[in-house]
Structures are given as C-alpha cells and as structure tokens.
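> okay, here's the prediction I keep looking at, along with the sequence it came from:
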Amino acid sequence: MILDIARVRAGYPALADGFVHFDGAGGTQPAEPVIAAIGGAMRTAVSNRGTAHEPSRRSGEIVAAARSAVADLVGGDPAGVVFGPSATALTYLVARTLAQGWGPGDEVVVSRLDHDANVRPWVQAAAATGATVRWADVDLESGELPVAQYEDLIGPRTRLVAVTAASNAIGTMPSVRDIADLAHAADAYVYVDGVHATAHRPTDVGALGADFYVTSAYKWSGPHYSAAIADPAVWEPLRPAKLIPSPEVVPDRFEYGTLSFELLAGITAAVDYLATLADFTSAQPLGQRPGPAAPGDRPAGVPAGVAAPGDRRARVLAGMAAATDHEDALLDRLLAGLAAIDGVTICPAGADRCPTVSFRLGGQAPAETARILGDQGICVSHGDYYAVEYFEAARLRADGGAVRASLYHYNTADEVDLLLQALGRISM
C-alpha cells in the first residue's frame, strides 16, 4: 500500500512550521485529532474518578477508553494496561516490585542493544537484592543480537530477561520470540521495551512472548504518556509499594496518584488515528512532496479523532502495515544515499530493522553535523540517545556517539533527498 502522503501530512499541524523531522525516535509530532482530544477533555468538566456525579463518571470513562485503545494497539487485555508518566518510570516500578522476590543467586539478563531505561532499572534492582546481572552482547559487525548466546545466559536461576523489540539507536529488531521461548522454558519473566518498535510495526504482545510490554504514546503521534501492558493474571500477585487508601485492584494498584485524564483522551485519539492510516492510500508516487501542511487545510477524510466503523484492532494492524511499507521504502532510499556519500560510516543494523539509522560523517563531531543540519531546518539527533551500552561497546560514546536519522510515516522521499544533499555538501 502507498500512503497518500499529502493527506497524512495534513493531519499534523506542526508540519506547517516547515522543519524536516528525522527525530521521530526521540518523539513524533502529535496528530491533529490528538490535539483536539486533549483540548476537548480540558474544556469539559471532569473530576477524580467516582460514581457520585457526571464529571467523575466522565473521567472513569476516559481511563477505560484509553485502556481499551492501548490494548487494541498492542494486542493486549484492557484490564492489564497500566499508565504512567514515562516508560522509564513504569520500568522502575515493575523492577522494584519484581525484585521483592529476588535474592543472592538469582539472575537477570539484560542486553547491550537496549535503551538504558530497559537496563539500569534491572541492574540497580539486582544490586539492591544481591542478584547477578548477565549481559547479552551485540554483534557489532552485523548489528544483530544473537539468540544463541541466550542459551548460555538463561538458566534455572534466571528470574527475568529484559530485551528491546527494536533498538532506538540502530533500528535492529531482535528475535524477541525466540529469546522469550528460552526464558519461559526457565520459568523467567520477559520484559520487552516496545517504545521504539510500536511506532513502526504492527504489534502483538502475545506473538512476541512478552510478559510485560512498555510503550510511549509520544513515539506514535500521541501525548507524553506511557503504558505497561501485561496479562491481568501476571499483575495480580505483584504488590508494589502504595498508599493505604489507593486502589487494591489491577491495574489501578500500579498507578500512582491521579492519572492525567486529558493525556489519556489524547492516547485514545492517537490509536484511533493510527487505525485510519489504511484509508490514506493512493497510487501517488512516493517522491511527490506536498509541502508543509497549512493549519486550516484538512482534506476530506482526515480523521476527526474517531476510527472509522469496524474492528479497531484489525484496522490498527492494517494502518500500521501501510505505515511500515512507506517507511521501509524511505529507509531503502536513505541507506542507498548514505552509502554513496564519501566519508559516511553507517552503524550496522540487523536484517530485521526499523527505519532508524545512526552514522558519522568523517571525523566531524556528531554534534557539529547535527548543528549544521539543524541550521538548515533538518532535525536529527546526536549523541548516544540513552543507548549507553551499545555506544560503549562500539567505542563511540566517548567520541560523541553518532548522528541519528529516524523516519516516520509523515516523512517523504523529497525530505530524504534534502538530508542526503545536505550531507553531501557537508562532506565536500
């Protein structure tokens, strides 16, 4: 399927500013229905959840709708969706809670491919309990996270295996299911960081073998809020530290304080928006560039915040498949163009990957490359992007890391060409 990129871009008001955004791995621009939903929730009377009056019932409905939306996005159970301010905060919560049952001799397995948010909470929890940390290494020549090493890393004392569904640094998507099968054979939990992957691939937490899966809405057109998803039966025996009067039931037991109702309304709108992407298809050539969207220019068919009739889960899968096709075509174009520029060194990535590329331009500091591009309105990231272990292993972190170009479904082939042309000029 070919996305009608003009219609897609018209749904993102921030694109009217004219910047070229290759920083989606750090956060995407919000879709128009998300902005409208957040504003709508804040203009409508709500109060803390309860049943005594309509405003309190409304807030409960917002929470329930958001749980259902996230479940449809990742293939989970709404009753197992826990919300929090960030993936980092949620992972720390789960780590502290699970670690209550750990002790000397127990083991946890982490990987050097992961964002530090799926490394440090487990390392610190292990240190606090006397458990042992075992490390899965990246093959730096291929960018792969070899599964075979897990046969030696996982044993009878393994309590948890933490692994990313997609590297936020190089895009590699490891064989999570194969790793999960080895972990489950040892009766260990599997905690999957889906923050980067969810934005770029149809997601099914059951197919991945994830006992816990964490995702952040601002990586897929939504607001800055996150969710951890698990089967309610997995959450049930866990007892986090909590206030005496706060709820005992799952999933509320794991949510501290009053939830952000307006951001949850935005999450529902973001999932509804993703469910409409399959409708935004045409025979338009990939290279056609519509230019920045005008704030008031909304062609017929741009979503108003509610998915079209039909099963939302199925429509989300179809929409994400359309986005994947578009992004993969852009990725091929970007990789081919980078390979043709003298002095560009690309960090290798696995055969199965997201549309995220890290590279360096000759001996130039990544921060300087990013600054020069930024001065031309081209937004990229630089540094280690919190993928500390990967860049330490690659011996790049002390030297500034790398430049990252991360694609999203609102990017165009013309934008890729602008980036390549700018890099070509810098390299001369």
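Done, it's in. Predicted model, so just to flag it, every value in this text is computed and none were measured. Numbering: from 1, shown residues only.
> contacting residues for the spatially most central residue of the chain?
Note on the chain: the residue nearest the mean C-alpha position is residue 195, at 2.4 Å, using Cα atoms, centre = their mean. Applying Cβ atoms under 8 Å, 6 or more residues apart in numbering to residue 195 gives the contacts 87, 115, 117, 168, 214, 215, 216, 219, 226. All C-beta spots, glycine's among them, are computed from the backbone N, C-alpha and C.
> out of those residues, flag the one nearest to residue 183.
Set against residue 183, the nearest of the contacts of residue 195 by Cβ to Cβ is residue 214 (16.6 Å).
> count the residues that sit near the residue nearest to residue 334 when sequence neighbours are not counted.
Leaving out its chain neighbours, the residue that sits closest to residue 334 by Cβ to Cβ, 6 or more residues apart in numbering is residue 416, at 5.1 Å. For residue 416, the neighbour count with other Cβ atoms under 10 Å is 26.
> Validate this expectation: residue 416 resides in a strand.
No - secondary structure of residue 416 (DSSP: H, G, I helix; E, B strand; the rest coil): helix, not part of a strand.
> rewinding a little: could you look up the SS state of the residue nearest to the centre of the chain?
Going by three-state DSSP: residue 195 is coil.
> would you list the phi and psi of it?
The phi and psi torsions at residue 195 (degrees, to the nearest 10) take the values phi -60, psi -40.
> how close does it sit to residue 350?
18 Å (Cβ to Cβ, to the nearest Å).
> and for residue 50?
From residue 50 to residue 350 the distance is 49 Å (Cβ to Cβ).
> which among the contacts of residue 195 count as buried?
87, 115, 117, 168, 214, 215, 216, 219, 226 (16 or more other Cβ atoms under 10 Å).
> JSON lines for the residues you listed, including secondary structure?
Shown next, in JSON lines, are those (three-state DSSP):
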{"residue": "87", "secondary structure": "helix"}
{"residue": "115", "secondary structure": "coil"}
{"residue": "117", "secondary structure": "helix"}
{"residue": "168", "secondary structure": "coil"}
{"residue": "214", "secondary structure": "strand"}
{"residue": "215", "secondary structure": "strand"}
{"residue": "216", "secondary structure": "strand"}
{"residue": "219", "secondary structure": "helix"}
{"residue": "226", "secondary structure": "strand"}
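> other SSEs contacting the lengthiest helix in the chain?
As assigned by DSSP state H, the longest helix anywhere in the chain is helix 312-339. Contacts defined by 3 or more Cβ pairs under 8 Å, 6 or more residues apart in numbering; DSSP states H and E place helix 312-339 against helix 54-74, helix 261-274, strand 344-346, strand 356-361, helix 413-427.
> what's the most buried one of the ones you listed?
Mean neighbour count (mean count of other Cβ atoms under 10 Å) peaks for helix 261-274 among the helices and strands packed on helix 312-339, with a mean of 28.
> and that one, how far out from the chain's middle?
Relative to the mean C-alpha coordinate of its chain, helix 261-274 is positioned 15 Å out (Cα atoms, centre = their mean, to the nearest Å).
> go on, stretch 201-218?
9 Å.
> please begin residue numbering at 23 from this point
Will do, 23 is the new start, and the previous item becomes stretch 223-240.
> how is the protein partitioned into domains?
27-53+341-449, 57-291 (automatic domain parsing).
> any idea how far apart the tips of the longest one sit?
What that stands for is domain 57-291. Counting by Cα to Cα, to the nearest Å, you get 9 Å between the two ends of domain 57-291.
> likewise for the shortest one?
According to Cα to Cα, domain 27-53+341-449 extends 30 Å from its N-terminal end residue to its C-terminal end residue.
> average pLDDT for it?
For domain 27-53+341-449, the mean pLDDT works out to 97.
> now do the SS call for residue 404.
Here residue 404 is strand, with the state taken from three-state DSSP.
> so it versus residue 410, what's the distance?
Residue 404 sits 15 Å away from residue 410, going by Cβ to Cβ.
> looking at these two, which is more packed in?
Taking neighbours as other Cβ under 10 Å, residue 404 and residue 410 compare with residue 404 leading, 21 against 18.
> bridging residues for the more buried one?
Applying DSSP bridges to residue 404 yields these beta-bridge partners: residue 425.
> name the element the residue located most distally from the centre of the chain belongs to?
Distance from the centre of the chain peaks at residue 74, with 37.4 Å (Cα atoms, centre = their mean). Using DSSP states H and E, residue 74 falls within no helix or strand.
> what's it in contact with, if anything?
Residue 74 neighbours (Cβ under 8 Å, 6+ apart): none.
> what is the neighbour count of residue 177?
Look at residue 177: counted by other Cβ under 10 Å, it has 12 neighbours.
> same check, this time on residue 147
Burial of residue 147 is recorded as 24 neighbouring residues (other Cβ under 10 Å).
> what helices and strands are in contact with the helix or strand harbouring it?
Using DSSP H and E, residue 147 sits in helix 142-151. Packed against helix 142-151 by the contact rule (3+ Cβ pairs under 8 Å, 6+ apart) you find helix 109-120, strand 129-133, strand 154-158.
> now do the buried residues in the first one.
If you call a residue buried by 16+ other Cβ under 10 Å, then helix 109-120 has these buried ones: 109, 110, 112, 113, 114, 115, 116, 117, 119, 120.
> any idea how far residue 140 is from residue 410?
Per Cβ to Cβ, residue 140 is found 11 Å from residue 410.
> residue 446 is in contact with residue 363, isn't it?
Yes - between residue 446 and residue 363 there is a contact under Cβ atoms under 8 Å: 5.5 Å.
> residue 125 - how many residues pack around it?
That count, for residue 125 with other Cβ under 10 Å as the rule, works out to 10.
> tell me the SS of it?
State at residue 125, reduced to three classes by three-state DSSP: coil.
> tell me the contacts of it?
Residue 125 makes contacts with 151, 152, 153, as judged by Cβ under 8 Å, 6+ apart.
> and if you look at residue 197?
Neighbour list for residue 197: 167, 169, 374 [criterion: Cβ under 8 Å, 6+ apart].
> can you name the residues in contact with the helix holding residue 147?
110, 113-114, 116-118, 120-121, 124-126, 128, 130, 132, 153-155, 182, 184, 213.
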